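Participant: I'd like to go over a predicted model; first the sequence, then the structure.
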Amino acid sequence: MKKINIKLTVNGEQHEMAVAPAERLVDVLRDRLGLTGTKEGCGEGECGACTINMNGQAVLSCLILAVQADGATILTIEGLQNGINLHPLQTAFLSESAVQCGYCTPGMIMAGHALIEQDRNPDETKVKTCLANNLCRCTGYEQPVKAVLKAAREMRRETDA
Amino acid sequence: MPDSYTVVGKSFQRIDGVDKVTGAARYATDLKFDKMLFAGLLRSPHAHAKVIHIDTSAAEKLPGVKAVATIFDVPKIIQYWFFLRTEKKKKEIFLRDNIVRFIGDPVLAIAATSKDTLKKALSLVKVDYEPLKAIHDPHTALKETEVSIHKKGNIAFKVNKEFGDIQEGFKSADIIVENTYHTSKQKHASLEPIGSCVASFETNGKLTVYSSSQLPHWTQHYLAEALELPLNKVRVIKPYTGGAFGGRCGVIHGLEVMCGYLSKKTLRPVKMCFNREEDFSATESRHPMTIRMKTGATREGVITANEVDILSDTGGYGTHYIGVIADCMSTGIGLYKIQNYSFSGTVVYTNKSLCGAFRGYGNPQMNFAQESQFDIIARELDMDPMVLRLKNYRKKGEMDPVLNERILSNGLEECLEKGARSCGWEKKRLRHPGNDHIKKGIGLSIMLHGTGAARALPDPGSATIMMNSDGTANLHTAAADEGQGNRTVLAQVAAEVLGIEFEDISVSETDTDIVPLDCGTHGSRQAYCGGLSVRDAAMDARKKILAHAKRYLGVEQSQLMIKNGRIFEKINPENHISIKDLMQKIQIQDMGVCEQIIGTASGIAPAMPGYYGAVFAEVEVNTQTGEVKVIKMTSAYDVGKAISPENVRGQIVGGGVMGIGFALTEGLQYKNGHCLNPSFTDYRLLRSCDAPKVEPIIVESNEPTGPLGAKGIGEGSMVNVASAISNAINHAIGVRLTELCITPEDILQKLKEKMA
């Protein structure tokens, strides 16, 4: 089958590649670029483990074809930290004990990231609604919700300072 | 032992935390090796059939297909109950013969150079089946004589036990309550699908398997047996694991054996990962049960008799069916001192996906029935359900007749008191449910769950601590961490006993080449059994450290103490040496010594202490739509000693929400052998917008046999949630739900019956 050339900017790096028409974005990230922090939990857009940010929006990378992402700017969990300094969301997930098995964590953090980038002051309902796309079987959700709220507070402080 | 802890009882950032929030954590699904092949299974479309012929010729001709293994040529997979390997208990399962026993039962595996080739190759295989009559219902399985799912028939196991005299017990009762309860086929639904591994057999004769097993040493043992390799040639490494909850306690469809076999054939690494549909429809689930229970009580609220009759459906194969039904018995009898108790359990095969271990291990099913019965009795006697529990529960100092063990710690009364106070039980219990269509209710239930399996199975535990010459230490343990955080907890135990900082402990990979024998993570055992091994290994290292310190400080070992990285004389703390300095001296500086300090411990836990809990659930029931909303849960658990309070709270809240799913939304549905809901669209887990506030309360009864007083928590936190919710629904609308999960349709139906 004929391959299609695409360009992607992933975590600040530019990539050009030839992909098959049916190749999914999650496979490009995981298999071609080695960015396995993005997880696949169901492959049908129900669990949210593969959530990434594409052009600033939280999207499910298992439901997007690589060709649809041509020209897009993509952020995955690996691109969130600044050197060895963790992003406030990553710090908050640790300090609020929002991490257990960790399989849903990258997707949760990326969902939270898109939200906070759009709204520095989300209330609890808004955070709960945002994370409703991300299944978690370990924590019972209370701590991830708290972590996103805490990170938003932290980022407001950074913006104000 | 220090009397005031410096590390234990405090919460530290989990040691795997940074890896998990940065995406650096590698799970089995993430692993990739040079020349790696992709393997997959062809699964039966029939619920029950004989495989007559398999034609793989077209698949084998496809470029990129490197190996095919059918049920006729793969090695037999032997199940031995953990490490029990007597001939009597040895049972062959999976791929054992030419019969498929449920839709999804594997028929063959193919290894190919790419996922696409694999998919194509699987579609080219032709299998001739002779369909057999299938049994879908456990009650039919009991009666059916023409169709046998297994050679020995459809009954997998039977148990009958009587304590006291059940007839006498009913004679002395003033009221007798009898009901039949049904529970659902709940799925673990861990976010990483169950079934992911990479096997790599090399020319030097060594097999390395990366598997997300809960029991790495057990996996190593059955791989060695099936592939006829000595144990030193089988290495099992457990990478990060995306949740387990008992689902990785089974043989997982012989996944590792299949990959090992294919790798041995091709001398290339072979990876197999089940997708979500395979996870739902073809890996182990919770045993659905029908429980008939007849309970007698006096007017004063003394339970005089309980007669229990359980039919458990293990599906096409059995792995943990004996242990699960045995735990129904031990948890039911262990919780209450009912003098006359009759327990009868039957496990049958049906042509559905197999059942196995799942958080609670039979207890959630049993608890739903028994705690509903207690609630009914309390209401009939017009007694506070909490008072009825307090009158009948088995207290500290009493004997557990099933485990034949004396109860050395029991904080149940404190759980009930603290929980009741926190949620306002007294007031809410007497509150009117309200006059509009939203009715409010509150319900409670209690539970007991055993820690570990010392009384039931060979359940080895071991740990090794190696001191470094700068005073830090490396802990080697096979305590598989599936996400609950036991590696962090065990590092705390090691640091506490050694008298060094938490940050000074690093915990090894879970790799059978470097960690000593351990039964793995099951039965809420790691804080207790793992903790005991680590405590004793640390004590061993500590003793050796102090023996050397004696030479430098000039006083007897008994006069020395280690705290905060310093070794000092108890009565003269000025006389001291830091562990760092001492380790440097004895390990690398002093030419006359050069001793690496290694502490080790191994053995079986001295007991399997029960841990206890009380859940208070508050619900709102919409009588127009039948919808049940859990508003709040207050969950108090006696964990002996919370080594890491934050981890304990994580277990209580997470288990609580999983329990709500068991009560209200979860369960695999089957029709004519077909699983109707093998996806997250149709199998409904709670989401962040559904989960209520769970108030965790930690009670510490200080278990004398436990490491620093600890016992379990992991499974118990979901055990008594469904019963508490059902009891709350009864309080709200006056009807009794006896089937899980409780759906809006069930509620409306019951309300209709009540009106009629």
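Facilitator: Received, thanks.
Participant: three-state assignment of B:Val347?
Facilitator: Secondary structure for B:Val347, judged by DSSP: H, G, I helix; E, B strand; the rest coil, is strand.
Participant: what about the residue in the stretch 51-200 of chain B positioned nearest to chain A, neighbour count?
Facilitator: Residue of the stretch 51-200 of chain B nearest chain A, by C-beta to the nearest C-beta: B:Leu191 (4.0 Å). C-beta here means a position set from N, CA and C on the backbone, and glycine is covered the same way. Residues near B:Leu191, counting by other C-beta atoms under 10 Å in any protein chain shown, number 29.
Participant: dump the residue contacts of the residue in the stretch 101-250 of chain B that chain A sits nearest to.
Facilitator: Each residue of the stretch 101-250 of chain B has a distance to chain A, by C-beta to the nearest C-beta, and the smallest belongs to B:Gly242, at 3.0 Å. Contacts of B:Gly242 were listed using C-beta atoms under 8 Å, 6 or more residues apart in numbering or on different chains, and they are A:39, A:41, A:101-104, B:27, B:29, B:190-192, B:212, B:483.
Participant: For chain A, what's its nearest residue on chain B.
Facilitator: B:Gly23 (1.9 Å).
Participant: The closest residue to that residue other than its chain neighbours and B:Glu256: what is the separation?
Facilitator: With sequence-adjacent residues excluded and distances taken as C-beta to C-beta, 6 or more residues apart in numbering or on different chains, B:Gly23 is closest to A:Gly37, at 1.9 Å. Distance of A:Gly37 to B:Glu256, given as C-beta to C-beta, to the nearest Å: 25 Å.
Participant: B:Ser644 and B:Gln13 touch, don't they?
Facilitator: No: because the distance of 10.5 Å does not satisfy C-beta atoms under 8 Å, B:Ser644 is recorded as not touching B:Gln13.
Participant: List the buried residues in stretch B:196-216.
Facilitator: Residues of stretch B:196-216 classed as buried under the neighbour-count rule (16 or more other C-beta atoms under 10 Å in any protein chain shown) are B:196-201, B:207-216.
Participant: Please apply the same query to stretch A:13-20.
Facilitator: Result for stretch A:13-20 [16+ other C-beta under 10 Å]: buried residues A:Val19.
Participant: now do stretch B:261-270
Facilitator: The neighbour-count criterion (16+ other C-beta under 10 Å) identifies B:261-266, B:268-270 as the buried residues of stretch B:261-270.
Participant: What's the local residue count around the residue of chain A found nearest chain B?
Facilitator: Taking C-beta to the nearest C-beta as the measure, chain A has A:Gly37 as its residue closest to chain B, at 1.9 Å. Other residues within reach of A:Gly37 by the criterion other C-beta under 10 Å amount to 28.
Participant: I figured it was touching A:Gly79, is that so?
Facilitator: No: using C-beta under 8 Å, A:Gly37 and A:Gly79 do not qualify as a contacting pair, with a distance of 9.2 Å.
Participant: Pretty sure B:Leu311 sits against B:Thr140.
Facilitator: No: the pair B:Leu311 and B:Thr140 does not pass the contact test of C-beta under 8 Å, sitting 11.2 Å apart.
Participant: If you count surrounding residues, which of those two has more?
Facilitator: Under the criterion of other C-beta under 10 Å, the comparison of B:Leu311 against B:Thr140 puts B:Leu311 first, with 21 against 14.
Participant: about what we covered before: looks to me like the residue nearest to B:Gly23 is in a strand.
Facilitator: No: secondary structure of A:Gly37, determined by three-state DSSP: coil, with no strand assignment.
Participant: Figure out the helix or strand that B:Ser422 lives in.
Facilitator: Assigned by DSSP states H and E, B:Ser422 belongs to helix B:412-423.
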